[in-house]
Structures are given as C-alpha cells and as structure tokens.
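Engineer: Next comes the sequence, and after it the predicted model I'd like to discuss.
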Amino acid sequence: MAAQINPSILSADFSRLAEEARAVEGADWLHVDVMDNHFVPNLTLGVPVVEALSRATDIPLDCHLMIEDADRWAPQYVEAGAGSVTFHAEAAAAPVRTAREIRAKGARASMALKPATPIEPYEDLLPELDMLLIMTVEPGFGGQAFLDIMLPKIRRTRELISKHGLEMWLQVDGGVSASTIERCAEAGADVFVAGSAVYGTDDPAAAVRMLRSQATEATATAAWACNH
Ligand SMILES: O=C(CO)[C@H](O)[C@H](O)COP(=O)(O)O
C-alpha cells in the first residue's frame, strides 16, 4: 500500500477552512486537530466545525482529539462525520470501551501516545485499534521540530504490530517534512500527518504528492515492509 499523507489543518487558514480542505485534493485523510486548552495549551475547534468540514469535503476526516475526558467525547466525533477518531492514551480512562464505541459507530479507532508515553503497556490493546499514533513533537502546536528520539518507539511499535500479525496503521504526527519523512517510513510508519510541510507551501496538493512518493519509496526498501 502507498504511504498515506494526512495534511493537518492546524497549519491551514482557519478563516477559509472549506477552501483549505479543497486545496489538498488527493490527500488520503484530512487531519483535524481538536484541542481543548486543558490536555494541551492550545484551543482549536470542536464538534460543530467537524460537522461543517465533513459537509465541505469528500476527503475523510481523521480527528485527533487532544482533549481531556476523551471517553465521553470520542463517539460524538464519529457522529459529527469523522471516519477515524484518535484519542490519547493519557486522556482515556477506558481506552478499550472507547475504541469499541468508535468502531461500533462505524469509524476507525485510533489511540495516540505523547512522546514520554511508552508503547509497551498498551501491547495487549493493539487488536482493539485500527491505528496507533506516535507523536513526534509534544502535542499542542504546529511547526515544531521533529523529535528523532521517537524513532526507536516507532520501530518497537512496528515490531509489536508484526508480532501480533495485525493490519493496523502506524501514524506519526509532528515535524513531518521532506527531510524527516523517510526516517519515519524506514522505522515503520505508514501514515504521515504533515501541517506546515503541506500548508506552508504554495501548492499544498503538490506537497502531498511529493511527500507520498518520498515515503512510499523509503518504505519499499525498509526491512519491516520487505519482511511483511
Ligand atoms: O497534532 C499536532 C500538534 O499537536 C499537529 O498535527 C502537528 O503538529 C502538525 O504540524 P506540523 O506538521 O507543522 O508539525
């Protein structure tokens, strides 16, 4: 499968969100950063904006909830039109129940880990998930530098996915650009969130195509993909 590129609207012009969604035609998913100013020190958007975005674009919505009380809110984002809902392990009291509710409502269930949260305690939960998101910056803001100290965690997570024979996706988010995407792909990521590397360019759709081709090429020679 070709690498998937999910532009993050955190780096888009919020006064023209519908147009900005259309500007990345060809993207696999539109990554929607929901922040509540409690789980992270930033405030973005909520359910009504996700409902409006789902009417404005045919690109499926990949909602990343950087909010407290994720168990309560996650199902509401499926109802709002998200095709994939990611909650944070650090914000979910009942991650298995929440993942099952997301799936039961018809969306892909995903869980995110902040940089200091290890994957190992969550190994037994992986079959409950369609995607695992490894944050490669501290969540809260776009435009931060990629944390390459996360590469070993990406590798270990890919090994766990292979060990359990799972088809789940492995997403990375934060500082993903032309100069970091290949390292992420080689380590085992197959879904890439990119904010400034897409919306910070004159041609966001071309940036998506370029990043996808770089990541797909790096994956083709990666040991994890060759042994798959
Ligand atoms: O979740 C996020 C921040 O918490 C954003 O999706 C992420 O930072 C994207 O921006 P960039 O690609 O510019 O780093």
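Structural biologist: Done, it's in.
Engineer: what about stretch 162-171, distance to the chain center?
Structural biologist: Relative to its parent chain, stretch 162-171 has a centroid offset of 15 Å by CA atoms, centre = their mean, to the nearest Å.
Engineer: And that stretch, what's buried?
Structural biologist: Across stretch 162-171, burial judged by 16 or more other CB atoms under 10 Å covers 168-171. No exception for glycine: its C-beta is placed from N, CA and C like everyone else's.
Engineer: Give me the contacts around that stretch.
Structural biologist: The contact list for stretch 162-171, computed with CB atoms under 8 Å, 6 or more residues apart in numbering, reads 4, 6, 86, 110, 123, 126-127, 129-134, 154, 157-158, 161, 188-193, 224, 227-228.
Engineer: Any of these buried? List them.
Structural biologist: Buried among the contacts of stretch 162-171 by 16+ other CB under 10 Å: 4, 6, 86, 110, 126, 129-134, 154, 157-158, 161, 188-193, 224.
Engineer: pLDDT wise, what is the residue in the chain positioned nearest to the ligand at?
Structural biologist: When scored by CB to the nearest ligand atom, the chain has residue 195 as its residue closest to the ligand, at 2.7 Å. Looking at residue 195, its pLDDT reads 98.
Engineer: Could you export the buried residues of stretch 162-171 as a markdown table, including distance to the ligand and pLDDT?
Structural biologist: Below are the buried residues of stretch 162-171 laid out as a markdown table (distance: CB to the nearest ligand atom, whole Å; pLDDT from 0 to 100):
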| residue | distance to the ligand | pLDDT |
| --- | --- | --- |
| 168 | 19 | 97 |
| 169 | 16 | 98 |
| 170 | 16 | 98 |
| 171 | 10 | 98 |
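Engineer: quick one: residue 153 and residue 135 touch, right?
Structural biologist: No. Using CB atoms under 8 Å as the test, residue 153 is too far from residue 135 to be in contact (9.7 Å).
Engineer: Where strands are concerned, which of the contacts of stretch 162-171 count?
Structural biologist: Under the assignment DSSP state E, the contacts of stretch 162-171 contribute 4, 6, 86, 110, 131-134, 191-193 to strands.
Engineer: Please list which of those are also close to the ligand.
Structural biologist: Among the ones in strands among the contacts of stretch 162-171, the ones lying close to the ligand by the criterion of CB under 6 Å from any ligand atom are residue 193.
Engineer: quick one: what helix or strand has the closest residue to residue 93 other than its chain neighbours in it?
Structural biologist: Once flanking residues are discounted, residue 93 sits nearest to residue 71: 5.7 Å by CB to CB, 6 or more residues apart in numbering. Residue 71 is part of helix 70-79 when elements are defined by DSSP states H and E.
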